[in-house]
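Q: starting from these lines, generate the structure:
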Amino acid sequence: MTKRVYMDYAATTPVDPCVIEEMNRYLGPSDLFANPASSHWAGAEAKKAVEGARERIAHKLGAHPTEIVWTSGATESNNLALKGVAAYYQTKGRHIVTARTEHKAVLDSAQALQSEGFEVTFLTPDESGVVHPDQIKSVLRNDTILVSLMHVNNEIGVIQDIHAVADICRARGVLFHVDGAQSVGKLPIDLSRLPVDLLSFCAHKIYGPKGVGGLFVRRHPKVNLSPLQHGGGHEYGFRSGTVPSHLVTGFAHAVELAVDHMGVESTRIGTLKKRLYDGLRDTPRILLNGAVGTTVPNILNVSFAGVEGESLLHGLRNLAVSSGSACASASREPSYVLRALGRDDALAQASIRFSLGRFSTESEVDFASALVAEQVARLRDLAPECLISDI
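A: Residues are numbered from 1 along each chain as shown. Just a heads-up that it's a prediction; the model follows:
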């Protein structure tokens, strides 16, 4: 049987067996399957589970339970944060700041707001992918109402200094939203000390189920949002819809497991990442994408000069990796994140994101590095001279 290896954990993770066991309790014909909004005894049991899950997540993130709003995932959380703030605070100002390397859920939301008359400043990071706090400070205006910046970039793994940005925004009275889809459960986050106003996160990046996420909305100082959907006033009026008890309880258990084992897991995965890169770095003309020393342990992004990107992915068809964000994979355009870092189209297309996870092994890493080196050498032998260039 042909060996297949999964190295796309940044796109999604398998659900941990312990999480599946937790979720199954809320799917069968027990009291726990009921609609949490129902007033009868079965609904009360389901609501108890839902509120318990909210408390469990809040405890692990240093938040108050009423600051956790259930959503369908980080994409909805990002949309609710940007559009909800814009609609509610538009009489105060109509200027928003974000970065060119954000997730599409933020970029597309920002562009939608532009079409409604809001002004958006898109900052360009440095060549390593870092957006410096001084860049943000320099573009804030009296009518700026929101800054949105991801904690960890989903393509290159770069960690932004959200503590410094939060302090700048708080001093200027500007709301600060953080896309934490790739950082919750992977980096320490204590919202009782970190002065961000909104934080998006989801379950399926941390071995929980797809289809559920959360948005942290700070109570003190109070943040207001205009809802995107109506129909019952659920989730403190921010997000109407029946709460799926099986998903939110699974989500809570996934957060607990990720936070509780963060130190050990980060060390193990970081060791695997180093082993992977050591196995690749002897390949001529490769370029590491992302700031050295300020990336998360699980993401490695490398460009291979002189290789046609689509052919490389085809040659790696038994290795589940990515050439960019999963949300942008329908497009054959080069990664907009890598282009923002100054990579040309050919180099951006010939880039691979490897993302490791809880079930990755040394043998899988060795298989991946050997296969990539073999395919890169094969494709360079076939490439026309015009593609053979230095980096």
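Q: for residue 130, give its distance to residue 299.
A: Distance, residue 130 to residue 299, using CB to CB, to the nearest Å: 15 Å. C-beta coordinates here come from the backbone N, C-alpha and C atoms, glycine included.
Q: more neighbours, the two?
A: Taking other CB atoms under 10 Å, residue 130 and residue 299 do not tie; residue 299 has more neighbours (25 against 20).
Q: what residues does the helix or strand hosting residue 147 touch?
A: Using DSSP states H and E, residue 147 sits within strand 144-150. The set of residues external to strand 144-150 that reach it, using CB atoms under 8 Å, 6 or more residues apart in numbering, is 78, 81-82, 85-86, 89-90, 92-99, 101-103, 106, 110, 131, 136, 140, 160, 162, 165, 169, 172, 174-182.
Q: let's see that with 7 Å instead.
A: With contact meaning CB atoms under 7 Å, 6 or more residues apart in numbering, strand 144-150 is reached by 82, 85, 89, 92-93, 95-99, 102-103, 106, 131, 136, 160, 162, 165, 169, 174-179.
Q: cool, stretch 218-237 as well?
A: In contact with stretch 218-237 (CB under 7 Å, 6+ apart) are residues 37, 64, 66-67, 69-70, 79-80, 83-85, 87-88, 175, 197-198, 217, 238-241, 243.
Q: please list the members of these that lie in strands.
A: Those of these mapping onto strands are 69, 70, 175, 198, 217, per DSSP state E.
Q: now for the residues you listed, which pair is the farthest apart?
A: Spatially, the most separated pair among those is 70 and 175, at 20.8 Å (CB to CB).
Q: can you pull the contacts of residue 135?
A: residue 123.
Q: tell me the secondary structure at it.
A: helix (DSSP: H, G, I helix; E, B strand; the rest coil).
Q: that one and residue 96, how far apart?
A: Distance from residue 135 to residue 96, by CB to CB: 15 Å.
Q: go on, residue 11?
A: Distance of residue 11 to residue 96, given as CB to CB: 27 Å.
Q: so these two - more neighbours on which side?
A: Neighbours per residue (other CB under 10 Å) separate residue 11 from residue 96, with residue 96 holding more: 27 against 19.
Q: and the more buried one, which of the three is it?
A: Going by three-state DSSP, the state assigned to residue 96 is strand.
Q: can you pull the pLDDT of it?
A: Reported pLDDT at residue 96 in the predicted model: 98.
Q: give me the element residue 164 is part of.
A: Residue 164 belongs to helix 162-172, assigned by DSSP H and E.
Q: circling back to that earlier point, the strand holding residue 147 vs helix 162-172, what angle?
A: Here the directions of strand 144-150 and helix 162-172 differ by 180 degrees (axes from the mean of the first three to the mean of the last three CA atoms, to 10 degrees).
Q: re earlier: which one of the ones in strands among the contacts of stretch 218-237 is nearest residue 255?
A: Nearest member of these to residue 255, counting by CB to CB, is residue 70, at 12.8 Å.
Q: show me what contacts that closest one?
A: Per CB under 7 Å, 6+ apart, neighbours of residue 70: 212, 214, 235, 239, 243, 248.
Q: again, only this time at 10 Å
A: 50, 53-54, 57, 76-77, 212-215, 234-235, 238-239, 241, 243-244, 247-248, 251 (CB atoms under 10 Å, 6 or more residues apart in numbering).
Q: who does it bridge with?
A: residue 214 (DSSP bridges).
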